[in-house]
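[1] Any chance you could fold what I've pasted below:
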Amino acid sequence: MNRAQLIDDAFNLARSGVIDYEIALNLTQYLEKEEEYVPWSTATRVLGYIDSMLIRTEIYGSWRKFMLKLVQNQYMRINFANPATTLSTDYVTELKQRLFIAQACSFDLEDCTTSCSNRYKTWVSTNTSIPPILRDVILCKAMENGNVDDWEHIWKRFDTSNVGSEKTSFLYAMSCSSEPWLLSKYLNMILKPQGKVRLQDAPMIAAGVSKNKVGRYLVQDFFKEKVKELKELFSGAFILPKLIRVSMTNINTPFELKQLKEFVASSSEYLGSVQRTVDQIIEEGESNVMWMNKNYENIKQWLEKRET
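    Numbering: from 1, shown residues only. So this is what the prediction gives:
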């Protein structure tokens, strides 16, 4: 059994209640010295679920410190702050470097945030290319800390680009803004089928806004308020199930679950065609609430022990 399997098995056992999360979390502390991609990729996935459960709780600051401690040394070895630094030509090593940069930025490591902003500014002023594998990370972080002019610049780039992968990156980047009004404007573009945003782009836009710390509740309110229009717009398409799934993700409190069920009951005439997806979202929400009830205090205590 390799290290990735050990991590995966430990967190699967913890999630199913066979072992305590303390055991699984203790196992991850060795990652500060782990240099291989596969164990880190596995750890990022299993820890990502816990992150999504804790992000709106009082202990998220402690969780963020823990995650930064795991990734910081690995990130600093890349020397991302140096504009001359390029990624490895070895594909697996390149994936590993991207993982460390993405993780460092997602937990707001200052060096990573500043480096993304600097690389973005260089790209804007000199049209220097951004490595495709880092485009999403750099542009998203730059948009998070940018202003309306930056958002409009990305929109113009999206409008004029003829490269599919670039347009996808620009679409995602615009969902990373910290300005609620810009995110609302962006979501409402979904409702304009003759506009420059394609119907099939709607789930990607909603998913990006939902991942945004500012945008999660905006996208939920948007779906609830516009459910009739969305139903009419996406009638006969496979887009509506994807749209409701990304809009109602990571529900994990009794209040949120109650709100979801009330919305489903009051909007049944518009949700009949996606009932299976709705049922799955409710089941996932119930599972998340049970997870929080069972594991939140234990993880809180574990994090507090680390800080004493």
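
[2] Show me what the helix or strand harbouring E232 is packed against.
    Using DSSP states H and E, E232 sits in helix 227-233. Packing partners of helix 227-233 (3 or more C-beta pairs under 8 Å, 6 or more residues apart in numbering; DSSP states H and E): helix 239-247, helix 268-271. C-beta: built from backbone N, CA, C; applies to glycine.

[3] May I see those organised as CSV, with distance to S169, mean neighbour count and mean pLDDT added?
    Compiled in CSV, the helices and strands packed on helix 227-233 are given as follows (distance: least, C-beta to C-beta, whole Å; neighbours: other C-beta atoms under 10 Å; pLDDT from 0 to 100):
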stretch, distance to S169, mean neighbour count, mean pLDDT
helix 239-247, 18, 21, 91
helix 268-271, 32, 14, 91
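
[4] could the ones you listed be laid out in a markdown table, adding distance to L191?
    Shown next, in a markdown table, are the helices and strands packed on helix 227-233 (distance: least, C-beta to C-beta, whole Å):
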| stretch | distance to L191 |
| --- | --- |
| helix 239-247 | 12 |
| helix 268-271 | 14 |
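
[5] now for those helices, which one comes closest to C176?
    Among the helices and strands packed on helix 227-233, helix 239-247 comes nearest to C176, with 15.0 Å by C-beta to C-beta.

[6] how much space between the residue of the chain most remote from its centre and K231?
    Residue farthest from the centre of the chain, counting by C-alpha atoms, centre = their mean, is E269 at 30.9 Å. Per C-beta to C-beta, to the nearest Å, E269 is found 9 Å from K231.

[7] before we move on, the earlier item: using PDB, list the CA coordinates for the helix holding E232.
    The C-alpha trace of helix 227-233 is given here as PDB (Å, rounded to 0.1, in the frame of the first residue of the first chain):
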ATOM      1  CA  VAL A 227     -36.100  29.600 -11.300                       C
ATOM      2  CA  LYS A 228     -39.100  30.100 -13.700                       C
ATOM      3  CA  GLU A 229     -37.000  32.000 -16.200                       C
ATOM      4  CA  LEU A 230     -34.200  29.400 -16.000                       C
ATOM      5  CA  LYS A 231     -36.700  26.600 -16.500                       C
ATOM      6  CA  GLU A 232     -38.100  28.300 -19.600                       C
ATOM      7  CA  LEU A 233     -34.600  29.100 -20.900                       C
END
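
[8] average pLDDT across it?
    On average, the pLDDT along helix 227-233 is 91.

[9] Would you mind listing the buried residues in that helix?
    By 16 or more other C-beta atoms under 10 Å, the buried positions in helix 227-233 come out as 227, 230-231, 233.

[10] Which strand or helix spans V18?
    V18 is part of no helix or strand, with elements assigned from DSSP H and E.
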